[in-house]
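Peer 1: Below is the sequence, then the predicted model.
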Amino acid sequence: MTAIKHALQRDIFTPNDERLLSIVNVCKAGKKKRNCFLCATVTTERPVQVNVVKVKKSDKGDFYKRQTAWALRDLAVVDAKDAVKESPEFDLHFDKVYKWVASSTVEKNTFISCIWKLNQRYLRKKIDFINVSSQLLEELPKVAEESVPSGENQSVAGGDEEAVDEYQELNAREEQDIEIMMEGCEYAIANAEAFAEKLSRELQVLDGANIQSIMASEKQVNILMKLLDEALKEVDQIELKLSSYEEMLQSVKEQMDQISESNHLIHLSNTNNVKLLSEIEFLVNHMDLAKGHIKALQEGDLTSSRGIEACTNAADALLQCMNVALRPGHDMLHAVKQQQQRFSDLREQFARRLASHLNSVFVQQGHDQSSTLAQHSAELTLPNHHPFHRDLLRYAKLMEWLKNTDYGKYEGLTKNYMDYLSRLYEREIKDFFEVAKIKMTGTTREGKKFATLPRKESAVKQETESLHGSSGKLTGSTSSLNKLSVQSSGNRRSQSSSLLDMGNMSASDLDVADRTKFDKIFEQVLSELEPLCLAEQDFISKFFKLQQHQSTSGTTNEVEEVDGVALSRSYTSGVPQTVSSEKDMIRQMMTKIFRCIEPELNNLIALGDKIDSFNSLYMLVKMSHHVWTAQNVDPASFLSTTLGNVLVTVKRNFDKCISNQMKQMDEVKISKKSKVGILPFVAEFEEFAALAESIFKNAERRGDLDKAYIKLIRAVFDSVEKVANESQKTPRDVVMMENFHHIFATLSRLKISCLEAEKKEAKQKYTDHLQSYVIYSLGQPLEKLNHFFEGVEARVAQGIREEEVSYQLAFNKQELRKVIKEYPGKEVKKGLDNLYKKVDKHLCEEENLLQVVWHSMQDEFIRQYKHFEGLIARCYPGSGITMEFTIQDILDYCSSIAQSH
């Protein structure tokens, strides 16, 4: 412990001018034993500061660091836990209670004893020592604290330091006098006792002289006493005068106190008057409404712009007077209560007058707007409400005032506006949609009325060009896929006849005109509705002072998919509730005012679908574009929500249209008496794909078309295989070859990216079935020769060498020559001619694959010829045996046959 104490003194306390008086090795109670040292220290400079320091040994090296220090004056209680039983535990109460466990009871007692002595010596405030033995507090430690290293001051112990504090050093004069006195006596140093005796005798002589001098001065003392008596008398007189003066001053003081009190009351009165004037000026300035404003509120003209402006200014002034922040006690003044009542009456009177006037304006506008409906009845346009909005917006500030002052009347005006305008818009929109329906149905009456037939490529091109020329917003509008079969009111055409009726093209041009006109009408309907809704929503926001836009930081847009339609929904997070409620209010007002838009649009869509089920393609593209535009402006607006709901219906019609086509493909029937050729739904898919590619170009909903492509092409593939399997007149390979060749050509020409895999599959199927048909049709034109060489190959396979085959009896040279003579060139040409006629009967003219098939058969025949010649050369070397016709003869035969037909 001594070494630790010396190390702490040297490394920690000496650099800080402190002395270490006591040390105890401790650890915190109740925790893992991490030892540290509590040290009692004092500063070497005055005033002396006494501290308790916590020192901890560093984990990274063998040195100590100062961790925490408490001033001894902050120590309130020392608790030794038990005054009788020895225990190493003790508590120190500083700003909080620190519980310690000493390494030994002796160290603990020594440390507490040191704290007690420092408390007694340096602190005015006494520390409370609890559960400490009285003997420990009374007796001084038997052994002084160990000395600190040389050069350091001694530790504080007992009364030694008190003696040091009472010692007074001699000054310079006293030192000089002692030196002079000692110089006068030679033995002052050698014989101190003689010197002290001499000094004692001289002191007695001096005392006697002093007594003699005092006795000799008795007369002067008597004179001095007499003078003192006279002085006392004078003092008494002065005291009497001072008493009289004091009484006079007391009277003056009382008068001055009265004057001071009077001045204080006057100052207090002035202060109160100033404050009263300030309060009166405040009330007059803030609660006085000008007569002009009062007159405007009571009688102001609400029809002219000047009158509206005067009423607006007066209403704002009234609102400021009513909303003034009164100081405490103002509301108890009778005049203030009267003024507030007057303001309330003015507010109620003006609010009633304003609400009545605006209701009249709403009613009048409904009548005026109804008179203009006749002008638009024959045109596909909606009446313009801009003048009405412009006139009403003059009252916008007054509506804001009404909203802030009388919300009940504001709400009533809102309800009346919705009632009047909903009836007006309902009439206008219904008339508008009636005109649109008349124009749509008129289109079909001029044409073939609900009939649906395939169209030529030129009709497709004409429709595409007309679409690109008529609509700038979209690159064409979705054309009908192929009208397989649509029900009319009086007649239902069978699905099979619709699919197989390839020859009737008389209504194709009418189809193009009808669909183009329908597309234009539907686009015009949406183009008229969109600005109407946006203008009304903007007017409602401005007129009724409703906030319709909010910061993007508080809004989360999520995409929700309904029937494959991605609709944006807006969710509010972290924005004020008032913003959300006002947006909801705008949406509710718009929903009530335009409650007929969604049903009318659904009816129009149903009519378009009834006229032509593939009109849903036009509507899907147009509606998608308008929904996309509306959601970019405000995803949660009425227009965006309504168009989104209608888009779901259009998408369902589109899906239904695709499903009907697939169903009709599955139910198709073919004739058993005629050859199949290119199947109707294959040709119709080509037409649909060409139309759809031109119409869906750059459209927002390209993904829907891609999904439809996948479904339709798989249905076409399955249906082609089904028809091929059922075909009796035409071979299966011919049906598969021709139709998959047509599909491959179509997909290669249109370059539809999502159908690349199907294009490769169609090419593979075409190639496979072409090869299969060639092999099947060609068969074995040299049948006996083929059987002969099959036997040769069998012998070779059994292990007979090729050059030894000719020695076999059944396969000698004579047998080979006999077989070859049966196939002269004339017979070969005759067989090929019959084969050409057979292939010509199987293939259709539309696909023009006859020459392709014939060339493949020629190649296959030449391949077989070369195979036979190779076997003759290997198995019958040097025999000179050859076929009776050459490859050139085969080429000439095939060319001659092809040209003759």
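Peer 2: The structure has been received and is ready for your questions.

Peer 1: ok, residue 704 to residue 631 distance?
Peer 2: Look at residue 704 and residue 631: by Cβ to Cβ, to the nearest Å, they are 17 Å apart. (C-beta placed from N, C-alpha, C; glycine too.)

Peer 1: Over to residue 299?
Peer 2: From residue 299 across to residue 631, the span is 49 Å (Cβ to Cβ).

Peer 1: more neighbours, these two?
Peer 2: Ranked by neighbour count (other Cβ atoms under 10 Å), residue 299 and residue 631 place residue 631 first, with 23 against 10.

Peer 1: name the helices or strands packed onto the helix or strand where the more buried one lies?
Peer 2: In this structure, residue 631 sits in helix 615-633 according to DSSP states H and E. With contacts taken as 3 or more Cβ pairs under 8 Å, 6 or more residues apart in numbering; DSSP states H and E, helix 615-633 sits against helix 508-543, strand 565-572, helix 597-611, helix 638-666, helix 680-695.

Peer 1: now the angle from it to helix 508-543?
Peer 2: In terms of direction (axes from the mean of the first three to the mean of the last three Cα atoms, to 10 degrees), helix 615-633 departs from helix 508-543 by 20 degrees.

Peer 1: could you check the angle helix 597-611 makes with helix 615-633?
Peer 2: Using the same axes, to 10 degrees: helix 615-633 against helix 597-611 is 150 degrees.

Peer 1: got the CA positions of helix 615-633 in CSV?
Peer 2: Listed next in CSV are the C-alpha coordinates belonging to helix 615-633 (Å, rounded to 0.1, in the frame of the first residue of the first chain):
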residue,chain,number,x,y,z
ASN,A,615,-64.9,-1.2,-79.8
SER,A,616,-63.5,-2.0,-76.3
LEU,A,617,-60.1,-1.8,-77.8
TYR,A,618,-60.6,1.8,-78.9
MET,A,619,-62.1,2.6,-75.6
LEU,A,620,-59.3,0.9,-73.7
VAL,A,621,-56.6,3.0,-75.3
LYS,A,622,-58.5,6.3,-75.1
MET,A,623,-59.6,5.7,-71.5
SER,A,624,-56.1,4.6,-70.5
HIS,A,625,-54.6,7.8,-71.9
HIS,A,626,-57.1,10.1,-70.1
VAL,A,627,-56.7,8.2,-66.8
TRP,A,628,-52.9,8.5,-67.1
THR,A,629,-53.3,12.2,-67.7
ALA,A,630,-55.7,12.7,-64.8
GLN,A,631,-53.5,10.8,-62.4
ASN,A,632,-50.5,12.8,-63.3
VAL,A,633,-52.4,16.0,-62.3
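
Peer 1: Report the rounded mean pLDDT for that helix.
Peer 2: The average pLDDT for helix 615-633 rounds to 82.

Peer 1: how about that helix: buried residues?
Peer 2: Neighbour counts using 16 or more other Cβ atoms under 10 Å place 615-631 of helix 615-633 among the buried residues.

Peer 1: What of stretch 387-398?
Peer 2: For stretch 387-398, by 16+ other Cβ under 10 Å, it's 388, 389, 392, 394, 395, 397, 398.

Peer 1: Start and end of it, how far apart?
Peer 2: Terminal residues of stretch 387-398 are spaced 19 Å apart (Cα to Cα, to the nearest Å).

Peer 1: ok, now stretch 801-821?
Peer 2: Across stretch 801-821, the terminal residues are separated by 26 Å (Cα to Cα).

Peer 1: what separates it from the chain centre, distance-wise?
Peer 2: 88 Å (Cα atoms, centre = their mean, to the nearest Å).

Peer 1: What are the contacting residues of it?
Peer 2: For stretch 801-821, the external contacting residues (Cβ atoms under 8 Å, 6 or more residues apart in numbering) are 784-785, 788, 791-792, 795-796, 800, 872, 874-877, 879, 881-884.

Peer 1: Mind listing what's buried along that stretch?
Peer 2: Going by neighbour count (16+ other Cβ under 10 Å), the buried part of stretch 801-821 is 802, 805, 806, 811, 816, 819, 820.

Peer 1: and if you look at stretch 289-309?
Peer 2: In stretch 289-309, the ones that count as buried by 16+ other Cβ under 10 Å are 289, 293, 294, 296, 297, 300, 302, 308.

Peer 1: Take those and keep only those in helices.
Peer 2: 293, 294, 296, 297, 308 (DSSP state H).

Peer 1: Not counting sequence-adjacent ones, nearest residue to residue 362?
Peer 2: residue 420 (4.5 Å; Cβ to Cβ, 6 or more residues apart in numbering).

Peer 1: From residue 363, how far out is the one you found?
Peer 2: Taking Cβ to Cβ, one finds residue 420 at 6 Å from residue 363.

Peer 1: again with residue 305
Peer 2: Taking Cβ to Cβ, one finds residue 305 at 21 Å from residue 363.

Peer 1: One more: residue 666?
Peer 2: From residue 666 across to residue 363, the span is 61 Å (Cβ to Cβ).

Peer 1: sorry, back to before: would you mind checking which of the buried residues of stretch 289-309 is nearest to residue 516?
Peer 2: residue 308 (50.3 Å; Cβ to Cβ).

Peer 1: Report the secondary structure state of the nearest residue to that closest one once chain neighbours are set aside.
Peer 2: Nearest residue to residue 308 in three dimensions, chain neighbours excluded: residue 394, at 5.2 Å (Cβ to Cβ, 6+ apart). Here residue 394 is recorded as helix under DSSP: H, G, I helix; E, B strand; the rest coil.

Peer 1: swap in residue 37?
Peer 2: Once three-state DSSP is applied, residue 37 turns out strand.

Peer 1: Relative to residue 18, how far out is it?
Peer 2: 14 Å.

Peer 1: With residue 24 instead?
Peer 2: Separation of residue 24 from residue 18 (Cβ to Cβ): 17 Å.

Peer 1: Same check on residue 121?
Peer 2: Distance of residue 121 to residue 18, given as Cβ to Cβ: 16 Å.

Peer 1: Of those two, which one has the most company?
Peer 2: Using other Cβ under 10 Å, the more surrounded residue of residue 121 and residue 18 is residue 18, with 21 against 13.

Peer 1: ok, the more buried one touching residue 50?
Peer 2: No. Taking contacts as Cβ atoms under 8 Å, residue 18 lies outside contact range of residue 50: 9.9 Å.

Peer 1: what touches both of the two?
Peer 2: Contacts common to residue 18 and residue 50, judged by Cβ under 8 Å, 6+ apart, are 41, 42.

Peer 1: now residue 67, what's its secondary structure?
Peer 2: Put simply, residue 67 is strand when judged by three-state DSSP.

Peer 1: Give me the number of neighbouring residues for it.
Peer 2: 11.

Peer 1: Enumerate every residue touching it.
Peer 2: With Cβ under 8 Å, 6+ apart, residue 67 has these contacts: 36, 54, 55, 56.

Peer 1: Would you mind stating the distance between it and residue 4?
Peer 2: Residue 67 is 15 Å from residue 4, by Cβ to Cβ.

Peer 1: and what of residue 812?
Peer 2: From residue 812 to residue 4 the distance is 125 Å (Cβ to Cβ).

Peer 1: Which residues belonging to the longest strand seen in the chain are considered buried?
Peer 2: Longest strand in the chain, counting residues (DSSP state E): strand 18-28. Residues 18, 19, 20, 21, 22, 23, 24, 25, 26, 27 are the ones in strand 18-28 that count as buried (16+ other Cβ under 10 Å).

Peer 1: Likewise for stretch 45-53?
Peer 2: So, applying 16+ other Cβ under 10 Å, buried residues of stretch 45-53: 50, 51, 52, 53.

Peer 1: where are the low-confidence patches of the stretch 451-600 of the chain?
Peer 2: Low-confidence segments of the stretch 451-600 of the chain (pLDDT under 70): 451-512, 548-580.

Peer 1: what does stretch 282-292 rub up against?
Peer 2: Contacts to stretch 282-292, defined as Cβ under 8 Å, 6+ apart, come from residues 310, 314, 317-318, 320-321, 324, 327, 330, 333, 335-336, 339-340, 343, 346.
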